[in-house]
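Peer 1: Need coordinates for the below:
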Amino acid sequence: MTPFTLAEFSRLSSRLDRCERELGQLGDFFDRHREDILLGDWGAVSAASLGVHNVYNGIEDILMSLARDLDGSAPTGPTVHQDILDQMAAELAGCRPALLPPALHLELSELKGFRHLVRHKYGFDLKPEKVVDNVQRLQRAYPVFAQELTDLHDLLAARSPLL
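Peer 2: Below is the predicted model:
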């Protein structure tokens, strides 16, 4: 990824790198173990679910950082996980356009729900087909997220008087 030039984005490169490494490892595992997951193998289901959980957490961490550094306010409280998606899906007048277009907001909301299930249930409660769906959803959504983030950075950098 191209290094970011704006201070508000400076710490995000390493976070994106971690997400991309985890997503790559998840993809490799998924390619080798998709049938095991569909057959309900506890280890395969758990490993793939945890991979989705970890990458989604990385995305949410990036969104929280942007909320604090760009918007000046990050959500808190019992609805924080949905609130951060909603905040980043909205334009902040005079500051930034929406980071998450509607389709990406929907995909990330679905991943958020799955992450919640992974975090609060045991592996044997996870439905294999839902694990497959969410691995594939993450594989579709992450590149879009990374591109939207880069586009936002580039737009804000072009507005910045001096770098």
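Peer 1: can you pull the pLDDT of the residue most central in space within the chain?
Peer 2: The C-alpha lying nearest the average C-alpha coordinate of the chain belongs to Ile59 (CA atoms, centre = their mean; 2.9 Å). On pLDDT, Ile59 comes in at 98.
Peer 1: Enumerate every residue touching it.
Peer 2: Neighbour list for Ile59: Cys19, Leu108, Leu111, Tyr142, Phe145 [criterion: CB atoms under 8 Å, 6 or more residues apart in numbering]. All C-beta spots, glycine's among them, are computed from the backbone N, C-alpha and C.
Peer 1: Name the nearest residue to the third one, ignoring sequence neighbours.
Peer 2: Leaving aside its chain neighbours, Leu111 sits nearest to Tyr56 (4.8 Å; criterion: CB to CB, 6 or more residues apart in numbering).
Peer 1: about what we covered before: buried residues in the helix or strand containing the residue nearest to the centre of the chain?
Peer 2: Taking DSSP states H and E as the definition, Ile59 sits inside helix 42-66. Using 16 or more other CB atoms under 10 Å as the test for burial, helix 42-66 gives 44-56, 58-66.
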